[in-house]
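J.: Let's see this in three dimensions:
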Amino acid sequence: MASILNIDTSTEVCSVALSNEGQVLVHHENYDGPAHASLLGKMASDAVGYAQSRDMKIDAIAVSNGPGSYTGLRIGLSLAKGLAFGLNVPLITINTLKLLTVSALFRDFYDEDVLFAPMIDARRMEVYAAVYTAALEAVMTPQPVILDQDSFASQLAYHPLIFMGNGSNKASQVISHPNAKFISGIKPVALDMIALSEKAFREHDFADLAYSVPFYLKEFQATRPRNKVLEGLANSQITHH
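T.: Here you go, the predicted structure:
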């Protein structure tokens, strides 16, 4: 019977869940925003302490590895790798978009022909998105999508399409189709990782502990804070020349 410590920090939610064969033993969730660095260590320590106090072996560490928040993903994966190394157990990585789909599937019952479009917010009118069946088969693999009125037209033409995740608000502003349905409040959390991580454990689908990196989908682009005083001086010099 496998015990798995599940970690999700891919969005504004910070969560941890310790599971054993589908049973939830410990779980912590915080929805207050980007405080993962200060919260995650305590949450994970509490779950590990619970297992140790009961002489229970943790068999694997699972973490959502993106797409999502650059900072959040790094925090989650760094801790997960450290725990896996320290406990000498395998690392499991879970795609955040697939995790969002599982969260939606747990929310309600759907017809067989329904497709799911999980979305993570990116810049401007861009999202990180995928399309899955109810069996979690990828109809569209995870990719950046610039949203417009024709986005997902090929899927919407033949199937009801459920949009969810923190990028779906953008989609609702530009996509208008009778087959489009938008579900609010779906967030990736460690509790919903359990089915995915236990399946990965059974199939020995483990990540490389040394070389695993977050699944960003796009390269991180740091932005420089604009100093308006310096900017004004530069423009003044250009004008005088």
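J.: Got the domain ranges for this protein?
T.: 3-96+188-202, 97-182 (automatic domain parsing).
J.: Reformat those domains into TSV and put mean neighbour count next to each item.
T.: In this view, the C-beta of every residue, glycine as well, is placed from N, C-alpha and C. Below are those laid out as TSV (neighbours: other CB atoms under 10 Å):
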stretch	mean neighbour count
domain 3-96+188-202	20
domain 97-182	18
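J.: As CSV, these with distance to Y211 and mean pLDDT would be great.
T.: Below are the domains of the chain laid out as CSV (distance: least, CB to CB, whole Å; pLDDT from 0 to 100):
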stretch, distance to Y211, mean pLDDT
domain 3-96+188-202, 10, 95
domain 97-182, 20, 95
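J.: Distance to P214 added to those, as TSV?
T.: Converted to TSV, the domains of the chain look like this (distance: least, CB to CB, whole Å):
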stretch	distance to P214
domain 3-96+188-202	4
domain 97-182	12
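J.: How far does stretch 61-80 stretch from one end to the other?
T.: 6 Å (CA to CA, to the nearest Å).
J.: Phi, psi for the residue nearest the centre of the chain please.
T.: Nearest to the geometric centre of the chain sits T96, at 3.0 Å (CA atoms, centre = their mean). The phi and psi torsions at T96 (degrees, to the nearest 10) take the values phi -70, psi -30.
J.: was I right about it contacting P67?
T.: Yes. Taking CB atoms under 8 Å as the definition, T96 is a contact partner of P67 at 5.9 Å.
J.: Going along the chain, name the helices of the protein.
T.: 36-53, 70-87, 96-107, 153-156, 168-174, 194-202, 228-240 (DSSP state H).
J.: Would you tell me which of those gets closest to N6?
T.: Closest of the helices of the chain to N6 is helix 194-202, at 5.5 Å (criterion: CB to CB).
J.: Show me what the closest one is packed against.
T.: Secondary-structure packing of helix 194-202 (3 or more CB pairs under 8 Å, 6 or more residues apart in numbering; DSSP states H and E): strand 3-8, strand 14-20, strand 60-64, strand 91-94, helix 96-107.
J.: Just tell me which of these ends up closest to F206.
T.: Of those, nearest to F206 by CB to CB is strand 91-94, at 6.2 Å.
J.: Just give me how far the closest one sits from the chain centre.
T.: 12 Å (CA atoms, centre = their mean, to the nearest Å).
J.: packing partners for it?
T.: strand 60-64, helix 70-87, helix 194-202.
J.: Need the helices of the chain in JSON lines (columns: distance to R123).
T.: Below are the helices of the chain laid out as JSON lines (distance: least, CB to CB, whole Å):
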{"stretch": "helix 36-53", "distance to R123": "20"}
{"stretch": "helix 70-87", "distance to R123": "12"}
{"stretch": "helix 96-107", "distance to R123": "17"}
{"stretch": "helix 153-156", "distance to R123": "23"}
{"stretch": "helix 168-174", "distance to R123": "11"}
{"stretch": "helix 194-202", "distance to R123": "28"}
{"stretch": "helix 228-240", "distance to R123": "22"}
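J.: correct me, but Y50 touches H28?
T.: No. Assessed by CB under 8 Å, Y50 is found out of contact with H28, at 10.8 Å.
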